[in-house]
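Novice: Here you go, sequence then predicted model.
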Amino acid sequence: MRTRPNESSARTHEFATVAILTLGFGLVGIDRFLISTLFPTIARDLHLGYGDIGTITGALAIAWGLAALFMGNLSDHIGRRRVLVGALLAFSLMIGASGLASGLLGLVLVRMIMGFADGAYTPASISATIEASPPERHGRNIGIQQMMLPLLGLGVAPLMVTALLHVVAWRWIFVLFAAPGLLVTWFTWRIIAGSAGVTAASVRSPLRDWRTVLGYRNVRILMVCMLCWLSCIVVSSALLPSYLLDYLKLGSGQMGTVMSAIGFGCAVGTLVLPWLSDRIGRRPVMLFGALGAGVSLAWLNSLGGESVGALFWTLFAVHFFNNALITLTVGPLCTETVPATLMATASGVIIAVGELLGGGLGPIAAGQVAERFGIERILWLPIACLAMGFVLCLFLRETNPVARAASALRSSS
């Protein structure tokens, strides 16, 4: 059967939109996590401790959360394109500026500006992806879009960084990644419709919008869930390199190999589990993911440094489950709960709470734990958070239209 012209045009627009938003989110991943593998080198050069590493990581997350809260709501009013392009331009410039930092204060300030730009991009890009996708492909397309952040930021970047450190200074590594961001900024301006997200109700106040989305039980639960999932990924990505080098005594090449498991595990899980949720429902996949992440992280905590392969695959499993939880939390579960005109607002509220508490305070707390009790204790905090997240998932309401219809049919019969 031939595809009608309007259907073909819609599919082309869907493909182009998801593709450019996927590339943009990949750059956000590099922007955020490139520094993680560099932390041991930067710490030696700038005389930083574990607590300083936690502070730098937490500063970016706090700025990310505040930007998501305000800029997500703004994109529901003025449209996605303006917010997306401004965010891409800002973090493309700031990633290069990271290499100019001469101490803790300079690095914190630059990372905060980057975090604000990254946080502005995230809810707007999620909503733009949902708007370009039919309901039966919400999970799949959000999975594709969200996959690129861990694939590039946590999978490819550690391998590239460990290789580049042999030929260039760490400061120049930041500069190399500024140019691709400027190119993606131009394509985003060309592809994303300027009117996306603009509504007739543009006179609504942000406070009223926030009150509205907080009236939904799923949103309130997902806010705390996001804290749990982000505590896992931020603590492990920020402090695990030091854990592997200083406690398990791995070499820098082995450390880079193990750390790349976070990115590859996140990428595969973000593709597979949201796609599965399109078919069997969001809630069962959330429960399965929380259980899998918690068990895998507890197993990782018990491993020694004898087998790099065991560390790699266990860390892969942790983030296979955990990043799918993040994707479903800020994507389909959130956006399907609220009206279409409040999608980015709801996503921004959830991201804000998760980043401010889980992403912001989590690594700061873990850094202090490492300073006072030893780096070997850092994984207990995310393990406890994942256990709490599993319990919270029991109280979620299903949002998948197919799963809800099937449940209603079983109830009526």
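Specialist: Thanks, I have the structure now. Just so it is clear, the model here is predicted, and its values are computed rather than measured. Residues are numbered from 1 along each chain as shown.
Novice: Following the chain past whichever strand or helix holds Ile42, name the next helix or strand.
Specialist: Using DSSP states H and E, the secondary-structure element containing Ile42 is helix 5-46. For helix 5-46, the succeeding helix or strand toward the C-terminus, using DSSP H and E, is helix 50-78.
Novice: That following helix vs helix 5-46, what angle?
Specialist: Using axes from the mean of the first three to the mean of the last three C-alpha atoms, to 10 degrees, one finds that helix 50-78 and helix 5-46 are set 150 degrees apart in direction.
Novice: And helix 50-78, what does it pack against?
Specialist: Counting contacts by 3 or more C-beta pairs under 8 Å, 6 or more residues apart in numbering; DSSP states H and E, the secondary-structure elements packed against helix 50-78 are helix 5-46, helix 80-97, helix 104-131, helix 206-214, helix 217-242, helix 343-353, helix 362-373. Heads up, the C-betas are built off the backbone N, CA and C, glycines and all.
Novice: change it to 7 Å
Specialist: If contacts are counted by 3 or more C-beta pairs under 7 Å, 6 or more residues apart in numbering; DSSP states H and E, helix 50-78 sits against helix 5-46, helix 80-97, helix 104-131, helix 217-242, helix 343-353, helix 362-373.
Novice: Can you tell me which of these is packed in deepest?
Specialist: Between those, helix 343-353 has the highest mean count of neighbours, a mean of 30, where neighbours are mean count of other C-beta atoms under 10 Å.
Novice: show me where pLDDT drops low in the stretch 51-200 of the chain?
Specialist: Across the stretch 51-200 of the chain, the ranges flagged by pLDDT under 70 are 194-200.
Novice: can you rerun that using 50?
Specialist: Counting by pLDDT under 50, the stretch 51-200 of the chain has low-confidence residues at 196-200.
Novice: Is it correct that Phe187 is in contact with Thr22?
Specialist: No: proximity of Phe187 to Thr22 does not meet the contact threshold set by C-beta atoms under 7 Å, at 11.5 Å.
Novice: roughly how far apart are Gly79 and Gly54?
Specialist: Computed as C-beta to C-beta, to the nearest Å, the Gly79 to Gly54 distance reads 37 Å.
Novice: where along the stretch 251-400 of the chain do the helices fall?
Specialist: With DSSP state H, counting those that start in this stretch as the criterion, the stretch 251-400 of the chain has helices at 252-280, 282-302, 308-330, 332-335, 343-353, 362-373, 380-393.
Novice: the more surrounded of Gly79 and Gly54?
Specialist: Comparing Gly79 with Gly54 by other C-beta atoms under 10 Å, the one with more neighbours is Gly54, at 26 against 21.
Novice: List the contacts of the more buried one.
Specialist: Listed by C-beta atoms under 7 Å, 6 or more residues apart in numbering, the contact set of Gly54 reads Ala238, Pro363, Ile364, Ala366, Gly367, Gln368.
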